[in-house]
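Trainee: okay, predicted coordinates and the sequence, questions at the end:
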Amino acid sequence: MERKDEAEEAKSKVSVIETWLRKHRLLYVGATRHPFIHSIRDGSVDISSFKRWLEQDYIFVRAFVPFVATVLLKAWKESFDATDMDVILSGMASLNDEFAWFNKEASKWGVSLTNVAPQKANLDYCRFLESLMSSEVEYTVAITAFWAIETVYQDSFAHCLEDGSNTPEELRDTCQRWGNDGFGQYCRALQSIAEHHLEKASDDVRKRTEAAVLDVLEYEVAFWNMSQGDT
Ligand SMILES: Cc1ncc(CN)c(N)n1
């Protein structure tokens with residue numbers, strides 16, 4: 001085949017992640033357009049649900065940091081592209097800021113982040129993260145799950161900032177945290193890393209990666225449900 005045809009074919013080819021997002025559209029929409037997100041966007045959010053989400057998410061993020069550390073370790077060992085580490089490291093740095101943000105937000109809402117008991121949906125999700133930390137889990141699976149986790153928050157909170165949204169002023173900072181354009185670019189960088197690795201992965205690794213993405217989406221739905229008190 002001519003080089004030009006190859007370039008044209010690559011352009012029109014639907015990526016692995018795009019194929020999955022189309023195939024599992026309902027679940028993806030369920031995770032990113034959850035009633036909890038709709039309630040923030042239309043201003044009807046129950047503040048006790050928001051506070052529960054804040055407390056529980058702080059616990060989740062504490063478990064997320066070691067997970068990201070293992071993704072970084074896998075990138076160092078398994079990636080053929082040194083820029084992967086730069087992107088993952090930038091994510092870790094923003095998690096550092098996130099802890100300061102959680103503390104500030106907790107004091108704004110009169111919420112204590114110490115001695116909060118993790119709820120079942122959170123424990124289940126943290127246990128899943130821990131399973132991905134195993135050295136047996138390939139980098140492709142871990143980096144793609146990482147992309148999915150970050151993207152659900154980006155897509156959800158960006159929706160609350162779109163024109164026509166009625167997000168209360170005091171919640172805009174939370175939506176900005178994950179819904180800002182910079183975080184969107186970071187998620188696209190993670191997606192492109194994941195895509196590169198998925199292109200080269202075996203069918204078996206691809207299948208396990210798809211299963212991990214579906215798990216992430218289901219855990220995210222359960223996490224929003226928990227925040228609304230529907231456990
Ligand atoms: C449950 C959950 N999912 C994703 C994110 C974004 N890091 C988060 N903070 N919490």
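Mentor: Looks like it came in fine. Residues are numbered from 1 along each chain as shown.

Trainee: longest single helix anywhere in the protein?
Mentor: helix 47-78 (DSSP state H).

Trainee: how about the helix or strand harbouring Y28, does it reach the ligand?
Mentor: When secondary structure is defined by DSSP states H and E, Y28 falls within helix 25-32. No - Helix 25-32 lies out of reach of the ligand by Cβ under 6 Å from any ligand atom, never closer than 9.4 Å. The way it works is simple: take the backbone N, C-alpha and C, and place the C-beta from them, glycine included.

Trainee: where does the prediction get shaky in the chain?
Mentor: Along the chain, the model assigns pLDDT under 70 to residues 1-12, 231.

Trainee: grab the nearest non-local neighbour of the closest residue to the ligand within it.
Mentor: Of all residues in the chain, Y153 sits closest to the ligand, at 3.9 Å by Cβ to the nearest ligand atom. Leaving aside its sequence neighbours, Y153 sits nearest to W178 (Cβ to Cβ, 6 or more residues apart in numbering; 4.1 Å).

Trainee: for the one you found, give me its contacts.
Mentor: 153-154, 156-158 (Cβ atoms under 8 Å, 6 or more residues apart in numbering).

Trainee: how close does it get to K207?
Mentor: The spacing between W178 and K207, counted by Cβ to Cβ, to the nearest Å, is 29 Å.

Trainee: one more: S90?
Mentor: For S90, the distance to K207 - Cβ to Cβ - is 30 Å.

Trainee: and what of V116?
Mentor: For V116 relative to K207 (Cβ to Cβ), the value is 37 Å.
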